[in-house]
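Trainee: compute the structure for the input listed below.
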Amino acid sequence: MSSAMLVTRLPDPSSSFREDAPRPPVPGEEGETPPCQPGVGKGQVTKPMPVSSNTRRNEDGLGEPEGRASPDSPLTRWTKSLHSLLGDQDGAYLFRTFLEREKCVDTLDFWFACNGFRQMNLKDTKTLRVAKAIYKRYIENNSIVSKQLKPATKTYIRDGIKKQQIDSIMFDQAQTEIQSVMEENAYQMFLT
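Mentor: Residues are numbered from 1 along each chain as shown. Take a look at the predicted model:
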């Protein structure tokens, strides 16, 4: 098509279309445009970039055909275990959102509180305060966590706090019990 024919077809000669304008990117090749090159101004032509014929794979696990999950996709990892789900930031966030809707988010908060407590320095003066706070918030009252713990587990924790015998694993049994309840109930419902 000649320039003369193009001009006659456009009703407005001040239209933004120019014959020498670059073409829009091809889907999937958007990121392959050359960066702005200093010194190249209007009217100057740059060398075209070679286009690879190799198909690019998406690094996010989204390169699989529709309806099929990549073997290492987050969803696949989340279905392996509750630990895999909670070890992934997005998975933990989605599971927390689900538990909020189910009115049992305290079980997850308690689980994470136990993890955090286990990592605390026992010589730190605030460790006792944190142990007391976890006990008051989740075990002492009649919360969902307290209802799911065995009486012996609650007594063991209460006695340890009263005697100020703080141990980094003092909440481990309680965490295991809550984890079992989550694995049997909420985690299974979350996956379906």
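
Trainee: how about the helices in the chain?
Mentor: 3-9, 74-78, 82-86, 89-101, 105-118, 126-134, 144-148, 151-162, 172-184, 186-191 (DSSP state H).

Trainee: could you export those as CSV, including mean pLDDT and mean neighbour count?
Mentor: Backbone N, C-alpha and C define where each C-beta goes, glycine included. Listed next are those as CSV, based on pLDDT from 0 to 100; neighbours: other C-beta atoms under 10 Å:
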stretch, mean pLDDT, mean neighbour count
helix 3-9, 48, 9
helix 74-78, 85, 16
helix 82-86, 91, 17
helix 89-101, 94, 14
helix 105-118, 95, 18
helix 126-134, 94, 15
helix 144-148, 93, 17
helix 151-162, 95, 14
helix 172-184, 95, 17
helix 186-191, 92, 15
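
Trainee: just checking, residue 120 touches residue 166?
Mentor: No: the criterion here is C-beta atoms under 8 Å, and residue 120 misses it with residue 166 at 9.1 Å.

Trainee: between these two, what contacts are shared?
Mentor: Common contacts of residue 120 and residue 166 (C-beta atoms under 8 Å, 6 or more residues apart in numbering): residue 127.

Trainee: quick one: residue 93 from residue 161, how far?
Mentor: 31 Å (C-beta to C-beta, to the nearest Å).
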